[in-house]
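Enquirer: just the structure for this:
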Amino acid sequence: MLLTLHLLALGIWIGVVGAEFVIEFDGMKDDESHIRASKLHYTTDIWVEIPAFMTVLITGLLMLSEDHLSGLFLYKVLFGLFAVAFNIVGVYAVFKRRKYAMSGDIEGMKSVDPFMKLSAAIIPVFLITFVLAMYIVVQ
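Expert: The predicted structure is shown next:
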């Protein structure tokens, strides 16, 4: 049951990260699009992304055993934790950027861009975690 919930939440999480990439790409058109994207991304984080990655984290930790703390499985766990950490950085940036967007402060919104760019590291980290998990399953 835990594994099923973990995998379901994982699918939702990566799906919403992909959707947010589209939201952010659309937000690059102009300042108005940037404000709209920041508000939409915030709503997506609150209702979908945060519950999804927290479910993945909690179910992953609940399934963790001492046997998992060695070899490739340990690397999978570590990269999974890195993915969560990068996502937390992204959530911080999204929340901060929305605050600026609500007041129409475009420069303030742009000031969180370094955090948004750092959080994009979630994609390669997630892919590494996924590849490690698939390798472990087929072994």
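Enquirer: so for the residue nearest in space to the middle of the chain, what's the pLDDT?
Expert: Central residue of the chain (CA atoms, centre = their mean): Asn87, 3.7 Å from the mean position. On the pLDDT scale, Asn87 is placed at 97.
Enquirer: after the strand or helix carrying it, next one along is what?
Expert: Assignment of secondary structure by DSSP states H and E places Asn87 within helix 71-102. As assigned by DSSP H and E, the chain's next helix or strand after helix 71-102 is helix 106-111.
Enquirer: can you get me a residue count around Ala85?
Expert: Ala85 is flanked by 14 other residues according to other CB atoms under 10 Å. Glycine gets a C-beta too; all of them are placed from N, C-alpha and C.
Enquirer: got it, and Tyr135?
Expert: Neighbours of Tyr135 (other CB under 10 Å): 11.
Enquirer: pull stretch 125-139 out as CSV, backbone CA atoms only.
Expert: Extracted in CSV, the C-alpha atoms of stretch 125-139 (Å, rounded to 0.1, in the frame of the first residue of the first chain):
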residue,chain,number,x,y,z
VAL,A,125,18.4,14.9,-9.9
PHE,A,126,15.0,13.3,-10.3
LEU,A,127,16.1,11.5,-13.5
ILE,A,128,19.2,10.1,-11.8
THR,A,129,16.9,8.9,-8.9
PHE,A,130,14.5,7.3,-11.4
VAL,A,131,17.3,5.6,-13.4
LEU,A,132,18.8,4.2,-10.2
ALA,A,133,15.4,2.9,-9.0
MET,A,134,14.8,1.2,-12.4
TYR,A,135,18.2,-0.3,-12.3
ILE,A,136,17.6,-1.7,-8.8
VAL,A,137,14.2,-3.1,-9.8
VAL,A,138,15.6,-5.0,-12.9
GLN,A,139,18.6,-6.4,-11.0
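Enquirer: how much space separates the residue nearest to the centre of the chain from Gly108?
Expert: Taking CB to CB, to the nearest Å as the measure, Asn87 falls 22 Å from Gly108.
Enquirer: buried set for the helix holding Asn87?
Expert: Across helix 71-102, burial judged by 16 or more other CB atoms under 10 Å covers 73, 76-77, 79-80, 82-84, 86-91, 93-94, 96-98, 100-101.
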